[in-house]
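S.K.: Got a sequence here, can you model it:
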Amino acid sequence: MSTPAATPAPDPLAVAQSLAAAAKKSAKVMSDFAARNAQPGAALPADELGLGQAFMELAAQILANPAKLAESQMNLWWDYMSLWQGSMLRLIGHDTTPVAMPAHGDRRFKHDDWHEHFLFDYIKQSYLITARWMHEQVASVEGLPEPTKKKVDFFTRQYIDALAPSNFALTNPEVFRETVATGGQNLVKGLNNLLDDIERGGGKLRISMTDPKAFELGVNIATTPGKVVFQNELIQLIQYEPATKKVWKRPLLVIPPWINKYYILDLREKNSFLRWAVAEGMTTFVVSWVNPDANLAHKRFEDYLTEGTLAALDAIEEATGEPDANVIGYCLGGTLLAATLGYLAAKKTKRIASATFMTALIDFTSAGELEVFIDEDQVSSLEKKMNERGYLEGSEMAQTFNLLRANDLIWSFVINNYLMGRDPFPFDLLHWNCDSTRMPAKMHSYYLRNMYMKNLLREPGALTLADTKIDLAKVTVPAYFASAIEDHIAPWKTTYAGTQILRGKNRFVLAGSGHIAGMVNPPTTVKYGYWTNETLPGDAQAWFGGATQHEGSWWPDWRQWITPYLGREVPPRIPGKGALKIIEDAPGSYARIRADAK
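M.R.: I've put the predicted structure just below:
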């Protein structure tokens with residue numbers, strides 16, 4: 001009796017070639033579909049992100065090493081077999097060790113059924129095994145240019161996150177239970193939520209992150225008492241009412257980013273940095289940037305210097321009689337603050353006594369995952385869109401930032417709003433996150449090209465603003481750098497480079513958490529913690545190696561640092577009692593203009 005011939009194992013090279021051919025055919029089918037349905041004369045959708053080329057380069061490198069591909073596929077097969085064996089043993093009552101476990105802090109699989117129910121545990125581990133294999137495949141490919149490697153890694157993770165079993169009704173145990181319990185009403189409510197979001201977005205999906213009616217500026221958010229005492233085309237300047245019997249002589253100016261509104265630093269009483277600074281006896285001013293439209297398309301980055309920081313300093317001098325101020329710059333506001341320091345140094349003018357940089361980039365050598373969206377093709381495409389309407393729409397920038405934390409800022413709301421059929425929770429920080437602003441075309445183009453792409457701010461004399469060459473090496477103003485260890489927008493190791501560029505007496509502090517929570521961390525909450533190091537070695541990792549960790553907020557550390565620059569105590573300054581008169585109550589009309597208003 002003859003032995004049946006064994007079925008030959010699939011050729012890994014042939015499998016890879018078939019997948020590549022299928023991907024190419026799929027792209028052609030999509031293009032043909034778009035061509036059939038396009039309006040006469042309309043252009044086909046362009047691959048603005050350059051994903052097609054990036055993944056073709058990836059496929060070429062994978063195919064160049066079939067032995068490695070075969071090995072990785074065999075490892076994947078063994079993981080699946082181990083999962084199957086372990087699942088069968090578990091089914092009959094044996095304890096087994098999971099083949100794959102969620103990362104610490106992965107909230108997608110926190111429901112008990114993901115661990116206790118045989119089927120959902122099997123689905124979860126199958127997904128995690130595949131996700132791990134796919135990510136390792138991309139991460140281990142050699143020979144790709146660094147920009148291409150970052151791009152395929154980032155968008156592979158987007159694909160992996162999108163296909164998580166938690167994002168689908170039948171494979172999410174919590175959604176499954178809710179569907180049974182409500183007779184499917186959760187899905188009906190979720191559909192209505194989905195349609196509402198599409199309608200609100202004018203035909204595009206704009207996911208609701210919080211109840212938009214839960215907060216009102218000046219009522220239960222941005223409530224620190226103050227007055228608008230100055231304004232021009234770009235800014236309103238808010239002066240806060242004193243809360244102490246005496247105030248420090250030198251005023252404080254806060255420059256927030258202009259991507260969102262200033263009130264990230266004045267959310268509610270318990271977490272308002274501005275209210276806390278006032279309570280510490282500082283005469284506090286904050287810039288409230290305008291939400292620009294096409295009428296301000298001509299505004300340049302240097303206009304944000306002259307009509308922003310310099311104009312604010314002039315107004316503060318009028319209001320208080322003080323020739324200089326302590327200045328804080330947050331994120332983009334910190335980049336502008338650095339440019340302002342370079343400008344003042346060139347003019348040999350002392351207008352800033354101390355500078356504080358909150359998660360701010362001065363050196364853009366390694367600017368994090370935002371680099372995925374910033375190359376010549378993408379910036380040129382963006383410039384074309386901006387020039388047509390005169391500005392960058394705030395929602396487009398918000399979508400980019402949301403992709404950086406897709407599981408938290410996209411998929412968690414898909415599950416809550418559309419699958420569970422629940423209304424979004426009222427959350428002050430997410431209310432602010434949704435209150436994005438537009439940006440003038442010329443200003444934003446200049447910023448992307450000269451900061452992110454060319455990294456000219458750190459180069460002596462490479463930038464000219466308001467007819468003045470900027471050289472940060474001439475800046476001797478003492479500076480405090482506050483960054484966050486989990487920051488995905490301004491990576492802390494890159495912000496640390498600012499301590500090596502500015503030539504004053506500098507201090508670097510690293511907060512726990514991320515870009516927002518790490519900064520908006522009042523002392524009363526006693527969470528996250530922070531690291532300090534009294535020395536500033538040339539390497540960021542060396543700084544961290546010698547750093548000391550502390551509990552609680554970094555705000556008191558900053559308060560101690562800034563003490564020598566506050567001056568003596570003087571009578572409190574009342575908004576409107578000086579040379580500048582009151583225009584309106586805080587938060588002001590500029591902060592009330594929403595980009596998503598219909």
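S.K.: any idea of the mean pLDDT in stretch 575-583?
M.R.: Average pLDDT, stretch 575-583: 94.
S.K.: what's that stretch in contact with?
M.R.: 226-231, 236, 239-241, 315, 318-321 (Cβ atoms under 8 Å, 6 or more residues apart in numbering). The way it works is simple: take the backbone N, C-alpha and C, and place the C-beta from them, glycine included.
S.K.: Compare these and tell me which has the most neighbours.
M.R.: When neighbours are counted as other Cβ atoms under 10 Å, the busiest of the contacts of stretch 575-583 turns out to be Q239, with 27 neighbours.
S.K.: what about that one, which helix or strand?
M.R.: Under the assignment given by DSSP states H and E, the secondary-structure element containing Q239 is strand 235-240.
S.K.: what's that strand packed up against?
M.R.: strand 226-231, helix 273-279, strand 284-289, helix 311-320, helix 589-592 (3 or more Cβ pairs under 8 Å, 6 or more residues apart in numbering; DSSP states H and E).
S.K.: now do 10 Å
M.R.: Taking 3 or more Cβ pairs under 10 Å, 6 or more residues apart in numbering; DSSP states H and E as contact, the helices and strands that strand 235-240 lies on are strand 226-231, strand 252-255, helix 273-279, strand 284-289, helix 311-320, strand 584-585, helix 589-592.
S.K.: my read: A103 touches H135, true?
M.R.: No: the pair A103 and H135 does not pass the contact test of Cβ atoms under 10 Å, sitting 11.5 Å apart.
S.K.: Show me which of the two is the more surrounded one.
M.R.: Higher neighbour count among A103 and H135: H135, with 14 against 8, using other Cβ under 10 Å.
S.K.: I figured the more buried one hits T156, correct?
M.R.: Yes: look at H135 against T156 with Cβ under 10 Å: they come within range, at 6.4 Å.
S.K.: On the three-state scheme, S72 is what?
M.R.: Under the three-state scheme (DSSP: H, G, I helix; E, B strand; the rest coil), the conformation of S72 reads as helix.
S.K.: how many neighbours does it have?
M.R.: 18.
S.K.: how about the helices and strands packed on strand 235-240, which one is nearest G529?
M.R.: G529 lies closest to helix 273-279 among the helices and strands packed on strand 235-240, at 17.5 Å (Cβ to Cβ).
S.K.: List the buried residues of that closest one.
M.R.: Residues of helix 273-279 classed as buried under the neighbour-count rule (16 or more other Cβ atoms under 10 Å) are F273, L274, R275, W276, A277, V278.
S.K.: Now F120: which helix or strand?
M.R.: F120 belongs to helix 118-139 when elements are defined using DSSP H and E.
S.K.: Run through the neighbouring helices and strands of that helix.
M.R.: Under the contact definition 3+ Cβ pairs under 10 Å, 6+ apart, helix 118-139 sits against helix 51-63, helix 66-91, helix 113-116, helix 146-162, helix 173-182.
S.K.: Take the shortest one, keep the C-alpha atoms, and write them as CSV.
M.R.: The reference is to helix 113-116. Coordinates of each C-alpha in helix 113-116 appear next as CSV, following Å, rounded to 0.1, in the frame of the first residue of the first chain:
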residue,chain,number,x,y,z
ASP,A,113,-14.7,38.6,29.4
TRP,A,114,-11.5,39.2,27.4
HIS,A,115,-9.7,37.1,30.0
GLU,A,116,-12.3,34.8,31.5
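S.K.: what's the angle from the strand holding Q239 to strand 284-289?
M.R.: 150 degrees (axes from the mean of the first three to the mean of the last three Cα atoms, to 10 degrees).
S.K.: what's the angle between strand 235-240 and helix 311-320?
M.R.: Comparing the axes of strand 235-240 and helix 311-320 via the same axes, to 10 degrees yields an angle of 40 degrees.
S.K.: can you give me how far strand 235-240 is from the chain middle?
M.R.: Taking Cα atoms, centre = their mean, to the nearest Å, one finds strand 235-240 lying 25 Å from the centre of the chain it belongs to.
S.K.: Stretch 571-583 now?
M.R.: Averaging C-alpha coordinates over stretch 571-583 and over its chain gives two centres that are 36 Å apart (Cα atoms, centre = their mean).
S.K.: So which bits of that stretch are buried?
M.R.: Applying a neighbour-count criterion of 16+ other Cβ under 10 Å, the buried positions in stretch 571-583 are R573, P575, L580, I583.
S.K.: For the residues you listed, give me JSON lines that also has distance to D79.
M.R.: Conversion of those to JSON lines gives the following (distance: Cβ to Cβ, whole Å):
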{"residue": "R573", "distance to D79": "67"}
{"residue": "P575", "distance to D79": "65"}
{"residue": "L580", "distance to D79": "68"}
{"residue": "I583", "distance to D79": "65"}
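S.K.: that older thread, tell me which of the contacts of stretch 575-583 is nearest to G552?
M.R.: Y240 (24.4 Å).
S.K.: What are the neighbouring residues in contact with that closest one?
M.R.: 224-227, 252, 254, 266, 274-275, 277-278, 282-286, 573, 575, 586 (Cβ atoms under 10 Å, 6 or more residues apart in numbering).
S.K.: Could you do I501 as well?
M.R.: Counting by Cβ under 10 Å, 6+ apart, the residues that I501 touches are A338, G342, I362, D363, L457, R458, E459, P460, L472, A473, V475, A479.
S.K.: Identify the farthest-apart pair in those residues.
M.R.: Using Cβ to Cβ, the pair of those lying farthest apart is E459 and A479, separated by 18.7 Å.
S.K.: which of the two has more neighbours?
M.R.: Applying other Cβ under 10 Å to E459 and A479 shows that A479 carries more neighbours, namely 26 against 15.
S.K.: Nearest to W558 among the helices and strands packed on helix 118-139 would be which one?
M.R.: Go through the helices and strands packed on helix 118-139 one by one with Cβ to Cβ and the one that ends up closest to W558 is helix 146-162, at 33.3 Å.
S.K.: same for the closest one, what does it pack against?
M.R.: By 3+ Cβ pairs under 10 Å, 6+ apart, helix 146-162 packs against helix 51-63, helix 118-139, helix 394-404, helix 406.
S.K.: Format these as JSON lines; extra columns: mean pLDDT.
M.R.: Putting those into JSON lines (pLDDT from 0 to 100) gives the following:
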{"stretch": "helix 51-63", "mean pLDDT": "80"}
{"stretch": "helix 118-139", "mean pLDDT": "92"}
{"stretch": "helix 394-404", "mean pLDDT": "81"}
{"stretch": "helix 406", "mean pLDDT": "87"}
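S.K.: Nearest to C331, out of these?
M.R.: helix 394-404 (11.1 Å).
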